[in-house]
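Q: Just a sequence and a predicted model for now, questions to come.
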Amino acid sequence: MAKINDIDEIEAIEVELLLQGIYKRYGYDFRNYALASIRRRILRFADNENLPTISSVQEAVMHDPAIMDRFVLSLTVNVTAMFRDPAFFAMMREKVIPLLKTYPLIRIWDAGCATGEEAYSLAILLQEEGIYEKSRIYATDLNESVLRKAKSGIFHLSQMKEYTDNYIQAGGKQAFSEYYTAKFDHAILHQSLRKNIVFAQHNLVTDRSFNEFNLVLMRNVLIYFNEDLRANVLKLVHQSLSPFGILALGKRETLPSEARGRTYEELDATEKLYRRCA
Ligand SMILES: C[S@@+](CC[C@H](N)C(=O)[O-])C[C@H]1O[C@@H](n2cnc3c(N)ncnc32)[C@H](O)[C@@H]1O
């Protein structure tokens with residue numbers, strides 16, 4: 001009978017082999033995601049799919065792309081909300097919008113956009129500040145199925161109560177209900193919000209920089225990566241920011257201390273807003 005320590009060790013080997021296999025077979029690279037959380041998610045997936053071991057997950061995903069799709073979805077945390085962390089959006093209005101207003105054309109990258117609520121919140125903010133017409137939001141995620149939902153712009157009506165509260169706390173200027181039409185139990189966001197958003201697949205680990213942006217939002221994504229991967233992804237983001245471009249991270253994320261001051265100045269430490277130095 002295998003002892004507890006043996007089981008941990010076997011599982012660690014299985015996780016490594018599984019992630020290596022997925023990378024080779026499908027090109028998705030989860031090898032440098034934070035181990036504890038990825039292990040937990042793999043075990044939950046195995047449980048849901050009635051697979052007895054991590055090795056059997058490997059066999060299943062290797063041979064069945066449909067299982068692989070479910071697996072990718074189960075590995076990533078796609079939790080999001082409109083005007084999530086309202087104080088962040090209030091600070092965007094106060095400190096970032098005035099800077100963006102000075103540009104003739106504003107390019108924004110929402111990296112790790114999940115089901116799109118963040119991108120639509122930005123669209124509302126930019127519209128209310130009169131600069132949406134000259135803005136382009138590129139909202140990307142590695143996950144095809146969350147992007148499908150994002151593109152639809154349709155959310156469950158039951159979410160609107162929370163989103164309305166967030167919007168008000170974020171300093172919203174209208175009635176939030178003006179931004180959607182309720183139909184049965186769904187809220188359909190108005191087409192005018194969708195107009196300057198491009199949703200597309202992009203993997204922060206394996207894909208390159210694809211443009212230069214005045215603002216990059218990458219909130220609640222880095223927390224799922226290990227230190228090496230975080231450093232690589234921050235390099236990619238840095239390459240994707242124009243001089244004096246702005247970077248927004250999530251509440252629990254921060255730039256490494258050596259980047260603060262030299263590479264970025266802090267626009268707002270609490271809301272994790274940074275500005276690239278030159
Ligand atoms: C918790 S959600 C954050 C959503 C939104 N930014 C927010 O803060 O509400 C994290 C998102 O990052 C995406 N993600 C994880 N790894 C990624 C990668 N390597 N490349 C692109 N997106 C990734 C996940 O699919 C997920 O949708």
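A: Received, thanks. Worth saying up front: this structure is predicted, and the values here are computed from it rather than measured.
Q: Now M92: closest residue in space that isn't a chain neighbour?
A: Of all residues not flanking M92 in the chain, L125 sits nearest, at 6.3 Å (CB to CB, 6 or more residues apart in numbering). C-beta coordinates here come from the backbone N, C-alpha and C atoms, glycine included.
Q: My guess is that neighbour contacts F89. True?
A: Yes - in this structure, L125 is within contact of F89 by CB atoms under 8 Å, at 6.2 Å.
Q: Return the residues in contact with the residue nearest to M92.
A: Neighbouring residues of L125 by CB atoms under 8 Å, 6 or more residues apart in numbering: F89, M92, R93, I97, A170.
Q: Any chance of CSV for those, columns pLDDT, secondary structure and distance to the ligand?
A: Shown next, in CSV, are the contacts of L125 (pLDDT from 0 to 100; DSSP: H, G, I helix; E, B strand; the rest coil; distance: CB to the nearest ligand atom, whole Å):
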residue, pLDDT, secondary structure, distance to the ligand
F89, 98, helix, 11
M92, 98, helix, 13
R93, 98, helix, 18
I97, 98, helix, 19
A170, 98, coil, 13
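Q: Can you pick out the most distant pair from those?
A: I97 and A170 (12.2 Å; CB to CB).
Q: Out of these two, name the residue with the larger neighbour count.
A: A170 (22 against 18; other CB atoms under 10 Å).
Q: Go ahead and confirm the more buried one touches R84.
A: No - if you go by CB under 8 Å, A170 and R84 don't touch, sitting 9.5 Å apart.
Q: Which neighbours do these two have in common?
A: Contacts common to A170 and R84, judged by CB under 8 Å, 6+ apart, are S121.
Q: show me what contacts R262?
A: C277.
Q: which SS class is it?
A: Secondary structure for R262, judged by DSSP: H, G, I helix; E, B strand; the rest coil, is coil.
Q: show me where the stretch 51-200 of the chain has helices.
A: Taking DSSP state H, counting those that start in this stretch, the helices of the stretch 51-200 of the chain run over residues 54-63, 65-75, 86-91, 97-100, 117-128, 144-152, 160-169, 191-194.
Q: and the gap between R39 and A60?
A: Applying CB to CB, to the nearest Å, the value for R39 to A60 is 17 Å.
Q: Give me the neighbour count for I223.
A: 15.
Q: hmm, I was thinking of V146
A: If we define neighbours as other CB under 10 Å, then V146 has 20 of them.
Q: List the buried residues for stretch 137-145?
A: I137, Y138, A139, T140, D141, L142, N143 (16 or more other CB atoms under 10 Å).
Q: ok, what's across the strand from the fifth one?
A: What it means is D141. Q201 (DSSP bridges).
Q: which residues sit in contact with it?
A: D141 neighbours (CB under 8 Å, 6+ apart): G112, C113, A114, L147, A150, Q201, H202.
Q: Show me the subset of those residues that also lies near the ligand.
A: Among the contacts of D141, proximity to the ligand is found for G112, C113, A114 (CB under 6 Å from any ligand atom).
Q: just checking, N214 is part of a helix?
A: No - using three-state DSSP, the assignment for N214 is strand, not a helix.
Q: now for the helices of the stretch 51-200 of the chain, which one comes closest to N48?
A: helix 65-75 (7.4 Å).
Q: Could you point out which residue ranges in the chain have low pLDDT?
A: 1-2, 4 (pLDDT under 70).
Q: For the longest helix anywhere in it, buried residues please.
A: The longest helix of the chain (DSSP state H) is helix 4-26. Buried residues in helix 4-26, counted by 16+ other CB under 10 Å: E11, E14, V15, L18, L19, I22.
Q: Fine by me, we can end here.
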